[in-house]
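# Please find the sequence and the predicted model below.
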Amino acid sequence: WLVKQGGAIKNWKKRWFVVYPDYSIEYLEKQGGKKKGEINLDGYSVVEEGIKGKDFTIELHHKKLRCWFIQCATAEEKKEWVDTFTVCCKKASRASSNKDPVMAYAFQRAYERTRWSLSLWGWYTYSGSEGERVGELIVEELERDVLSDIWRGLTGPPKMQEIARNSVMKVVEGIVLTAVDAAWKLICSAIEEVKKPIEDAVRKVVEPIFEKEKEL
């Protein structure tokens, strides 16, 4: 068990954490219970001093994506989880967090084509889940097409302008990434609900065709 701080609402909830052989992480409502979310630590780092004044907390830090704050029960437990999270940060894959290869491929193609349609050419790096990647893309486009005009209107010492930009970006990233990631999870849940009936219907149509092909 660990206690996790929420993304949009900064409350703390007890969750059952599971680390898989591919170094992906899921957290559940209870052991063996409903999945509440997932964490892909590719591109993250572990900050052992999580929240000042709150015992045994850890920060999973990323420069652009959501930073996760975790609280352990004891110092010994914290040390074990720091070691575990550190390994996950180093070895987590950028591969899709979606286990369905069709959906993973479709997302990657759609993501690439969306970048091209926005004239975002050249090499790029990514990390995190599909929802986080979409959110990061939206933030990138907002900064380029909307916030850049605001940046040009800033006055005062360069250092103060930088502080203002960073403060605004932190708020924008927090709102966008949290909302988009939540929306993406709802979309995936809706797809999962209709996927099997569609697969069964398609199988019912194509199986006779394959059987006829075998006979020929």
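Yep, it's here.
# ok, now which ones touch residue 132?
By C-beta atoms under 8 Å, 6 or more residues apart in numbering, the contact list for residue 132 reads 40, 65-66, 177, 180-181. C-betas here are computed from N, CA, C, even on glycine.
# what's the longest helix belonging to the chain packed up against?
Longest helix in the chain by number of residues (criterion: DSSP state H): helix 158-215. Helix 158-215 sits against helix 130-142, helix 148-152, with contacts defined as 3 or more C-beta pairs under 8 Å, 6 or more residues apart in numbering; DSSP states H and E.
# tell me the average confidence for the longest one?
Right, the one you point to is helix 130-142. Averaged over helix 130-142, pLDDT sits at 87.
# just the angle between that helix and helix 158-215, please?
130 degrees (axes from the mean of the first three to the mean of the last three C-alpha atoms, to 10 degrees).
# hey, which strand is longest across the protein?
strand 12-19 (DSSP state E).
# Pull out the buried positions in it.
Neighbour counts over strand 12-19 (16 or more other C-beta atoms under 10 Å) mark 15-17, 19 as buried.
# Now the residues you listed in JSON lines, please, with extra columns for distance to residue 136 and pLDDT.
Listed next are those as JSON lines, based on distance: C-beta to C-beta, whole Å; pLDDT from 0 to 100:
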{"residue": "15", "distance to residue 136": "24", "pLDDT": "94"}
{"residue": "16", "distance to residue 136": "28", "pLDDT": "93"}
{"residue": "17", "distance to residue 136": "24", "pLDDT": "95"}
{"residue": "19", "distance to residue 136": "24", "pLDDT": "91"}
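# Run a quick neighbour tally on the closest residue to residue 169 other than its chain neighbours.
Nearest residue to residue 169, sequence neighbours excluded (C-beta to C-beta, 6 or more residues apart in numbering): residue 143, at 7.1 Å. Neighbourhood size, residue 143 [other C-beta atoms under 10 Å]: 17.
# What of residue 166?
Residue 166 has 10 neighbouring residues, counting by other C-beta under 10 Å.
# distance of it from residue 67?
Counting by C-beta to C-beta, to the nearest Å, the gap between residue 166 and residue 67 amounts to 14 Å.
# and the helices and strands packed on helix 158-215, which is most packed in?
Among these, helix 130-142 has the highest mean neighbour count (mean count of other C-beta atoms under 10 Å), at a mean of 20.
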